[in-house]
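# Pasting the sequence and the predicted model now:
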Amino acid sequence: MKLTPAYRLATTILHGFDEYRTRFKEITHDASRRFREAAWLEAQQASAERINLYEEKVQDTLSRLKRSFDNDEMLSHCEHWREARNHYADLISQRLDYELAETFFNSLFCSIFHHRHIRNDWMFVYSSRESAAHHSGIELCRSRPVNGNWQEALKWALLEAPLDNPFDDIERDTQLGTDFLQEHLPAVIRDAQDVEIELLNSVFYRNKGAYLVGRIRGGGEQVPLVLPVLHGEGFGEKEGASAGLHLDTVLIESDEVSIIFSFTRAYFQVEVVVPGEFVDYLQELMPSKPEGELYASIGFFKHGKTEFFRGLNHQVAKREDQFIIAPGVRGMVMAVFVLPAYRTVFKIIKDKFDPTKDMSRENVREKYRLVKRHDRVGRMADTQEFSNFIARKDHFSPECLEHLLEVAPSTVYLRGDKVIIKHCYTERMMIPLNIYLEQCGEEETRMVLKDYGNAIKQLAAANIFPGDMLLKNFGVTRHGRVIFYDYDEICYLTECNFRHIPEAMYPEQELADEPWYSVGPNDIFPEEFGPFLFANIQLRKLFYQLHPELFDADYWKGLQQAILDGRVIDVYPYRNKQRFSGAGEELVY
């Protein structure tokens with residue numbers, strides 16, 4: 001029996017998805033070898049390759065479709081896609097990664113129709129099933145009763161993990177972990193007769209760390225459990241320290257675990273057999289974390305976008321609030337609006353930029369692509385990119401809609417009672433740092449300025465110079481962390497030329513309106529940061545006290561040299577004082 005064109009369309013897309021998944025799994029599986037060999041530069045390259053892989057395989061499959069179907073009408077007629085969608089749903093009905101397969105189908109449909117005709121008849125606007133057809137039966141976790149001996153339980157947790165490398169001093173590590181748990185675990189769990197440690201079988205790899213993730217259960221209660229494991233280089237800052245592994249800390253607070261899985265960090269490399277069940281487990285540990293963010297955190301960022309879009313549609317349909325202009329100083333490059341109840345920021349590139357912004361629309365888009373591929377080290381917000389986003393006029397406040405139509409008429413336009421947005425980015429909503437500081441007391445001001453400086457340093461450690469470091473371009477998360485979110489002027493740190501301001505030859509030079517020294521296009525003078533960043537003299541003085549090195553060109557040159565020497569500077573996703581290795585530097589070379 002001859003197969004129908006629609007069936008061939010479905011199988012061609014599924015073949016492309018299988019190619020994508022095969023390569024994705026190969027890159028992910030090799031993370032254990034990269035960790036074992038401490039191949040940190042290779043790990044960075046693998047992370048970028050895995051992110052780029054999705055679009056590469058979509059384009060490969062699109063080319064295959066166009067070769068297979070010479071008749072353009074076959075691909076451009078929605079009714080053929082309706083039939084193909086039904087065939088595809090049948091083909092993936094028993095797959096353990098069916099939701100990822102649906103998203104891949106959607107990507108092909110949107111590539112053909114340029115993100116138009118978004119209807120569930122022709123693509124998977126909603127999932128083909130509300131839940132998995134049946135539980136896979138695959139065991140995700142391993143567990144062990146504590147039986148009153150926390151040190152032995154922690155030895156089991158660490159030594160039974162597939163980490164290959166030996167631990168430098170397992171007795172020391174597990175004693176430190178035991179002391180921590182005895183002090184910080186809720187008594188109802190710690191002293192329960194049925195208390196046990198449960199860990200996911202898969203190890204989470206990112207940057208220089210391997211993370212064992214699970215929970216501690218007992219007395220009818222539970223807390224999450226994360227055990228970060230690092231190579232022993234520099235442990236305790238002792239000369240000649242062993243290169244074995246060590247347990248760096250123990251994390252049991254839901255908020256701390258949520259930060260490790262933050263939208264501001266690179267995606268984990270972790271082997272996931274059943275994505276839906278894996279994400280369900282993680283959501284039990286972090287109930288406030290959106291499902292889409294959890295999918296993204298383990299590498300399935302495109303399906304994370306799908307889940308985000310479904311949640312957004314549901315929120316808009318509830319009509320609890322309208323899109324409004326984002327609070328804070330309006331941007332020179334981006335028009336920004338928010339949906340407050342969904343805690344989401346939408347960014348649109350303006351048609352015309354402020355005269356001081358010498359760049360093009362494509363320059364801006366490339367900056368956002370750079371951030372997507374780069375290690376965000378917990379200091380840059382992940383974004384989702386949308387084309388042809390459609391909402392009703394009455395979903396927007398009049399002021400917001402008028403503003404968007406005025407500053408971006410080539411991107412935002414009306415069609416009847418619909419608002420069409422040809423292109424936008426979305427991010428998690430944060431409080432702009434300049435607004436946050438207006439509401440702070442003295443101690444909180446000190447803490448947030450300390451974190452602001454740390455954010456700049458950690459971005460630099462990741463070879464990112466923010467460019468425009470004004471307070472309005474940073475936000476504060478619900479965890480109180482300072483995050484950079486304005487990317488139009490970022491560049492690689494190694495592209496910058498950090499300079500000291502030359503001494504004036506005579507007093508009149510210092511009083512002149514123009515500098516008495518030459519300034520190249522990539523020249524940066526850290527001594528000028530203070531007045532540029534802080535109009536408030538008191539804030540400026542406090543920032544000088546907290547981060548004096550940021551005003552010294554030699555500090556920046558030292559970071560550049562470390563990067564050029566091939567050293568991967570690690571940034572920990574938890575506070576330095578939590579580390580068992582003692583009070584070392586927050587940035588470890």
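Nice, thanks for sending it over. Numbering: from 1, shown residues only.

# just for the stretch 1-150 of the chain, where's the confidence low?
Counting by pLDDT under 70, the stretch 1-150 of the chain contains low-confidence residues at 1-2, 71-72, 130-134.

# Which stretches in it count as strands?
141-145 (DSSP state E, counting those that start in this stretch).

# now do the stretch 151-300 of the chain
Going by DSSP E, counting those that start in this stretch, the stretch 151-300 of the chain shows strands at 196-200, 204-206, 209-218, 221-231, 245-247.

# Switch those strands over to a markdown table; also include mean neighbour count.
Quick note: C-beta positions are derived from backbone N, CA and C, even for glycine. Output for these, formatted as a markdown table (neighbours: other Cβ atoms under 10 Å):
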| stretch | mean neighbour count |
| --- | --- |
| strand 196-200 | 20 |
| strand 204-206 | 22 |
| strand 209-218 | 22 |
| strand 221-231 | 21 |
| strand 245-247 | 25 |
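
# Any idea which of those gets closest to Pro162?
strand 209-218 (9.6 Å; Cβ to Cβ).

# Turn the strands of the stretch 151-300 of the chain into TSV, columns for distance to Lys450 and mean pLDDT.
Compiled in TSV, the strands of the stretch 151-300 of the chain are given as follows (distance: least, Cβ to Cβ, whole Å; pLDDT from 0 to 100):
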stretch	distance to Lys450	mean pLDDT
strand 196-200	34	98
strand 204-206	25	96
strand 209-218	23	97
strand 221-231	22	96
strand 245-247	27	95
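
# The ones you listed: which one's closest to Arg172?
Per Cβ to Cβ, nearest to Arg172 of the strands of the stretch 151-300 of the chain: strand 245-247, 8.0 Å.

# for the closest one, packing partners?
helix 170-184, strand 221-231 (3 or more Cβ pairs under 8 Å, 6 or more residues apart in numbering; DSSP states H and E).

# and stretch 373-381, which residues are buried?
Burial within stretch 373-381, assessed by neighbour count using 16 or more other Cβ atoms under 10 Å, is assigned to His374, Asp375, Arg376, Val377, Gly378, Arg379, Met380, Ala381.

# typo on my end, stretch 435-446
Those would be Tyr436, Leu437, Thr445, for stretch 435-446 by 16+ other Cβ under 10 Å.

# Please apply the same query to stretch 155-175.
Quick answer for stretch 155-175 (16+ other Cβ under 10 Å): 155-158, 161, 163, 165, 167-170, 173-174.

# cool, stretch 550-566 as well?
For stretch 550-566, by 16+ other Cβ under 10 Å, it's Leu550, Phe551, Ala553, Tyr555, Trp556, Lys557, Leu559, Gln560, Ala562, Ile563.

# ok, now stretch 415-425?
For stretch 415-425, by 16+ other Cβ under 10 Å, it's Val419, Ile421, Lys422, His423, Cys424, Tyr425.

# got a list of contacts for it?
Here stretch 415-425 makes contact (Cβ atoms under 8 Å, 6 or more residues apart in numbering) with 346-349, 368, 383-396, 401, 404, 410-414.

# Now do that stretch: distance to the chain's middle.
Offset of stretch 415-425 from its chain centre (Cα atoms, centre = their mean, to the nearest Å): 26 Å.

# what does stretch 175-195 give?
32 Å.

# quick revisit: taking the buried residues of stretch 373-381, tell me the two that lie furthest apart.
Asp375 and Ala381 (13.6 Å).

# Quickly note the distance from the closest residue to Leu181 other than its chain neighbours to Thr445.
Leaving out its chain neighbours, the residue that sits closest to Leu181 by Cβ to Cβ, 6 or more residues apart in numbering is Trp150, at 5.6 Å. To Thr445, Trp150 is 40 Å away according to Cβ to Cβ, to the nearest Å.

# burial measure for Gln538, as a count.
10 (other Cβ atoms under 10 Å).

# Is it in a helix, a strand, or coil?
On the three-state scheme (DSSP: H, G, I helix; E, B strand; the rest coil), Gln538 is labelled helix.

# ok, which stretches of the stretch 451-589 of the chain are helices?
Remark: helices assigned in the stretch 451-589 of the chain by DSSP state H, counting those that start in this stretch are 507-511, 529-533, 537-546, 553-564.

# closest to Phe580 among the buried residues of stretch 155-175?
Nearest to Phe580 among those: Asp173, at 7.3 Å, using Cβ to Cβ.

# Nearest residue to the closest one in space, ignoring adjacent ones along the chain?
Leu247 (3.9 Å).

# who's that neighbour bridged to?
Bridge pairing for Leu247 (DSSP bridges) gives the partners Val229.
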